[in-house]
Structures are given as structure tokens and as C-alpha cells.
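In: Just the structure for this:
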Amino acid sequence: MLKFFCSSLLVDINSQEIRTSLQPAKFRKSSQPEVSHPFVIDGESESHDFAEQWAAVFANSGSKSAFLEIILDDTLVKYFLLTPPANARSLKDFHTAALMRLETLFGVTSDDWQISADWQKSKPSLVCAMPKALLKKISHASKKTIQHILSLQPRFVWRWNQCKQRILPEAWFVSVEKQSMTLAAVQDGYVCMLKTILLPEETDETWLCTQLQRAAILHQLPPPGQLLLVGEIPVAWKCASVHQTYLYQIAKKDLANKHITTQATLNNRAGAA
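Out: Predicted coordinates for the structure are as follows:
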């Protein structure tokens with residue numbers, strides 16, 4: 001409810017910087033561009049040092065608000081899908097199964113991660129694990145600066161919620177940043193595959209199609225006929241129409257005629273190896 005009457009700061013956090021931008025109240029039309037601030041996320045840093053960095057960011061920011069909407073970059077979190085556990089009777093059973101799968105997939109200690117998901121009884125649940133140490137530091141720092149966190153979401157989830165009405169059946173959704181992209185394959189309105197891929201320094205349309213083809217083969221899915229790309233879309237990906245919104249770019253890309261060419265490229269590489 002506060003979002004409708006109070007301006008807030010969108011705080012976009014990755015491992016190298018924080019980007020802040022003023023989000024006007026829903027009944028206002030004015031807005032303010034993003035401002036970037038260097039902010040290295042060091043897992044070993046003390047909470048006090050983190051709080052000092054945090055306070056410096058907002059002291060030097062031209063955007064002022066006590067209310068924060070926080071986005072965590074996908075490289076700071078871990079995504080996976082959870083098939084409904086057999087004989088699960090409660091949310092606790094789902095949560096326990098998710099913690100076990102987190103440890104199996106990523107070789108981490110589940111006690112260090114906070115789990116959230118869109119728990120589903122008959123479809124795979126999309127699960128996100130966020131580092132508790134980072135969440136604790138953010139909470140401590142925001143309290144010291146007398147700020148209130150309205151929401152805290154991973155980037156993919158934030159963009160998915162904003163764009164899900166645009167996603168066509170059987171299409172793939174791609175959230176793109178400078179250093180990574182997160183792919184999501186959709187079937188019957190549910191995410192059936194999710195994968196974060198680090199981007200090399202230079203990418204082109206062929207590289208993109210190759211990654212899509214590999215992901216489809218690995219997960220035994222048909223290759224996508226269309227993509228909905230959101231974020232910082234490289235020019236070399238040759239999207240026909242890229243729309244610039246206030247916070248990101250968005251484009252649809254048809255791929256139906258490119259799969260044969262991409263498959264031939266993969267086969268040629270395999271033969272050369």
C-alpha cells in the first residue's frame with residue numbers, strides 16, 4: 001500500500017556496484033534516472049564495514065527516500081526447480097526437500113541460505129536460495145540508516161513478475177545483464193527449466209542460439225521458437241525491435257528458422273573435435 005502513496009528507491013545490487021533510482025508513487029508520473037555507485041560485495045567483510053559502505057552510497061545519492069525496493073543480481077543467488085516430494089503433507093516437507101536439493105546441486109551448507117519458492121503441489125516449484133549473511137548485512141545496514149525495506153527479490157523473479165503477461169505459451173524468457181543471463185523455458189504457464197549462464201566479453205547471435213540449443217538438449221526440451229528478452233540486450237544479438245523502458249530493454253526474438261543452422265554448427269564442431 002505504501003507504494004501507492006510514497007516514493008521509494010529501487011536498489012539494484014550486484015557484486016561490483018549498487019544502482020539506485022527513485023521510484024515515484026504510483027499516482028505520480030515523474031521519475032529519476034539510475035545512479036551507479038561502486039560497492040564490492042565481499043563475503044568476508046564485517047557487518048560494520050558493509051553498513052559504512054551502504055551509508056556512503058545513500059549519502060552521496062541524489063535520490064532520497066526512506067523506503068527501499070531491493071533487487072539482488074542472479075549471480076548472487078541460486079535457482080533450481082523442485083519436483084513435488086512424494087507423500088509431502090505440509091509446507092515444511094516441501095521446504096526440507098528444497099534444502100536437501102540445494103545441498104545436492106550446489107555442494108553448499110543449507111543453513112547458510114534462505115529459501116523462497118512459488119510452492120506447487122502438482123508442478124515443479126521455482127526455488128531461489130539467497131545467502132543469509134548478505135541478507136543480514138543489508139537488514140542491519142538499512143536499519144542504521146533508518147530505511148525500510150518494502151521488498152527484496154532476485155532479479156529474475158522481479159523481471160518475471162513484471163513481464164509474465166507478455167510471455168507466450170512455450171516461449172522462453174531470458175533475463176540479461178552485462179555479465180550473465182538467466183534462461184527460463186515455459187510449458188503450460190510454468191517454468192520447466194531455469195539456467196544462469198555467464199556471458200563472455202563478446203557475444204553474438206550465433207553464440208546465443210548455441211546456448212539455447214545446448215540448454216534444450218541438456219534438459220530434453222524442444223528448442224524455443226520465440227524468446228522474450230529483458231534487460232541489457234547486446235546489439236550483436238540482432239533483435240529486430242528493442243523497446244527501451246525506464247529500467248530495462250525488452251524485445252521479442254523469433255528463432256523458428258534458426259534451429260537448423262545452429263544444429264548444423266554444433267554438429268560441425270562435434271565432428272571437428
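In: For this protein, which segments count as helices?
Out: With DSSP state H as the criterion, the chain has helices at 2-5, 47-59, 91-106, 132-144, 155-163, 205-218, 259-272.
In: most neighbours per residue, which of those?
Out: The highest average neighbour count among those, using mean count of other CB atoms under 10 Å, belongs to helix 155-163 at a mean of 20. The way it works is simple: take the backbone N, C-alpha and C, and place the C-beta from them, glycine included.
In: quick revisit: out of the helices of the chain, which comes closest to residue 251?
Out: Distance to residue 251, taken as CB to CB, is lowest for helix 155-163 among the helices of the chain, at 11.2 Å.
In: Can you lay out the helices of the chain as JSON lines showing distance to residue 118 and mean pLDDT?
Out: Written out in JSON lines, the entries for the helices of the chain read as follows (distance: least, CB to CB, whole Å; pLDDT from 0 to 100):
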{"stretch": "helix 2-5", "distance to residue 118": "21", "mean pLDDT": "50"}
{"stretch": "helix 47-59", "distance to residue 118": "30", "mean pLDDT": "88"}
{"stretch": "helix 91-106", "distance to residue 118": "11", "mean pLDDT": "94"}
{"stretch": "helix 132-144", "distance to residue 118": "19", "mean pLDDT": "94"}
{"stretch": "helix 155-163", "distance to residue 118": "9", "mean pLDDT": "92"}
{"stretch": "helix 205-218", "distance to residue 118": "21", "mean pLDDT": "92"}
{"stretch": "helix 259-272", "distance to residue 118": "30", "mean pLDDT": "47"}
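In: closest one to residue 250 among the ones you listed?
Out: Of all these, the one in closest proximity to residue 250, counting by CB to CB, is helix 155-163 (6.9 Å).
In: mind giving me the domain split of the protein?
Out: Domain ranges of the chain: 2-74+132-154, 77-129, 167-272, per automatic domain parsing.
In: and of the ones you listed, who's closest to residue 161?
Out: Proximity to residue 161, assessed across those by CB to CB, is greatest for domain 2-74+132-154 (7.8 Å).
In: thinking again about what came up before, now for the domains of the chain, which one comes closest to residue 160?
Out: domain 167-272 (6.5 Å).
In: Please tell me how far the closest one is from the chain's geometric centre.
Out: Here domain 167-272 is found 15 Å from its chain centre; the criterion is CA atoms, centre = their mean, to the nearest Å.
In: now the domains of the chain as a markdown table including distance to residue 160?
Out: Rendered in a markdown table, the data for the domains of the chain read as follows (distance: least, CB to CB, whole Å):
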| stretch | distance to residue 160 |
| --- | --- |
| domain 2-74+132-154 | 9 |
| domain 77-129 | 9 |
| domain 167-272 | 7 |
